[in-house]
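Asker: Generate coordinates for the sequence data below:
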Amino acid sequence: MYLVQDFIEQQLQSYSCDEQLIMPINLAAEEIFVNIVQYGFSNTNDKNVIIINCFIENSSIFYLQFCDMGVPFNPLQKQIPLIDASIEERSIGGLGIYLAKKLMDGITYEFTNGKNKLTLKKSLVLPK
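Answerer: The predicted structure is shown next:
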């Protein structure tokens with residue numbers, strides 16, 4: 001995971017982004033990456049590969065894409081967790097995807113040619 005975060009930081013720092021932008025992107029990336037590792041490959045014995053791409057559009061929008069050949073899973077269809085419920089009432093898990101949705105400006109998912117593609121989007125322009 002540290003390699004992923006370092007990669008993201010290097011890309012964002014090359015556009016003079018500060019920690020206020022880097023931290024939420026890294027946290028969302030960590031949540032998505034951990035979900036893919038824990039659940040996407042749970043029933044396979046093959047070598048598991050996660051391809052991570054990022055690019056910046058118009059010097060103002062950062063895109064981070066995770067691509068894997070694991071179990072098809074659309075996190076956007078995941079039910080919103082009961083965040084106001086007590087610990088006893090809540091089921092384990094589900095907060096990572098919720099957190100990623102809250103931290104990013106947009107998330108898209110597609111499953112094509114046997115691959116999950118999850119793309120995170122974040123504006124690099126801080127609100128005034």
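Asker: ok, residue 69 - contacts?
Answerer: 49, 114-116 (Cβ atoms under 8 Å, 6 or more residues apart in numbering). C-beta here means a position set from N, CA and C on the backbone, and glycine is covered the same way.
Asker: again, but for residue 4
Answerer: 29-30, 33, 52.
Asker: Give the closest residue to residue 106 in space, chain neighbours not counted.
Answerer: residue 121 (3.8 Å; Cβ to Cβ, 6 or more residues apart in numbering).
Asker: just to revisit the earlier point, and the contacts of residue 4 as a markdown table, adding secondary structure, neighbour count and distance to residue 8?
Answerer: Converted to a markdown table, the contacts of residue 4 look like this (DSSP: H, G, I helix; E, B strand; the rest coil; neighbours: other Cβ atoms under 10 Å; distance: Cβ to Cβ, whole Å):
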| residue | secondary structure | neighbour count | distance to residue 8 |
| --- | --- | --- | --- |
| 29 | helix | 23 | 6 |
| 30 | helix | 18 | 10 |
| 33 | helix | 18 | 10 |
| 52 | strand | 17 | 8 |
